[in-house]
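Enquirer: Model the following, please.
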Amino acid sequence: MARACGLDSGAATRTVDVSVAASVGRRALVVDDDQVLRRTLVRLLRKAEFEVADVGSGSRAIAALEVQAFDVVVSDVQMPDGTGLDLLRAIAASTSTSPSSS
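Expert: A predicted model of the protein is given here:
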């Protein structure tokens, strides 16, 4: 069974079962300016059978999201060109205005 660990807003670690998501060919986008951490996350997600794309900045993430849909976005909180929260707001804004969301 594949598992991934993440941090919630209270900074407590929780474990999420990703085996169901992996079995249906989910796509993930990893966004982090730290190349070593980004590559590590990519490897872990690929082991869990996700199709993974990775970028090193928030602006590149937004560009990638304009071209392809992702089921999961794993983002650094602080990057040189913005924060993970800025990225989340951009994703939410684009999702709420897309024709498929109505």
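Enquirer: Excluding sequence neighbours, find me the nearest residue to Gly56.
Expert: Asp33 (5.2 Å; CB to CB, 6 or more residues apart in numbering). Bear in mind the C-beta positions are built from the backbone N, C-alpha and C, glycine included.
Enquirer: these two touch, right, that neighbour and Asp54?
Expert: No: look at Asp33 against Asp54 with CB atoms under 8 Å: they stay out of range, at 11.1 Å.
Enquirer: And the strands in this structure, which stretches?
Expert: Remark: strands assigned in the chain by DSSP state E are 3-7, 13-17, 27-31, 51-55, 72-75, 78-79, 82-83.
Enquirer: Now for Gln35, how many residues are close by?
Expert: Other residues within reach of Gln35, judged by other CB atoms under 10 Å, total 10.
Enquirer: ugh, wrong one, I meant Ala63
Expert: 11.
Enquirer: What residues does the residue lying closest to it once chain neighbours are set aside make contact with?
Expert: In space, and not counting its chain neighbours, Ala63 is closest to Val55: 7.9 Å by CB to CB, 6+ apart. Applying CB atoms under 8 Å, 6 or more residues apart in numbering to Val55 gives the contacts 29-31, 61, 63-64.
Enquirer: try Ala69
Expert: Contacts for Ala69 (CB under 8 Å, 6+ apart) come out as Arg27.
Enquirer: Now it, what are its backbone angles?
Expert: phi -90, psi 140 (degrees, to the nearest 10).
Enquirer: how near is Asp34 to Leu41?
Expert: Using CB to CB, to the nearest Å, Asp34 is found at 10 Å from Leu41.
Enquirer: next one: Ala69
Expert: Applying CB to CB, the value for Ala69 to Leu41 is 19 Å.
Enquirer: Quick check: phi and psi at the residue nearest to Gly56.
Expert: The phi/psi pair for Asp33 (degrees, to the nearest 10) is phi -80, psi -10.
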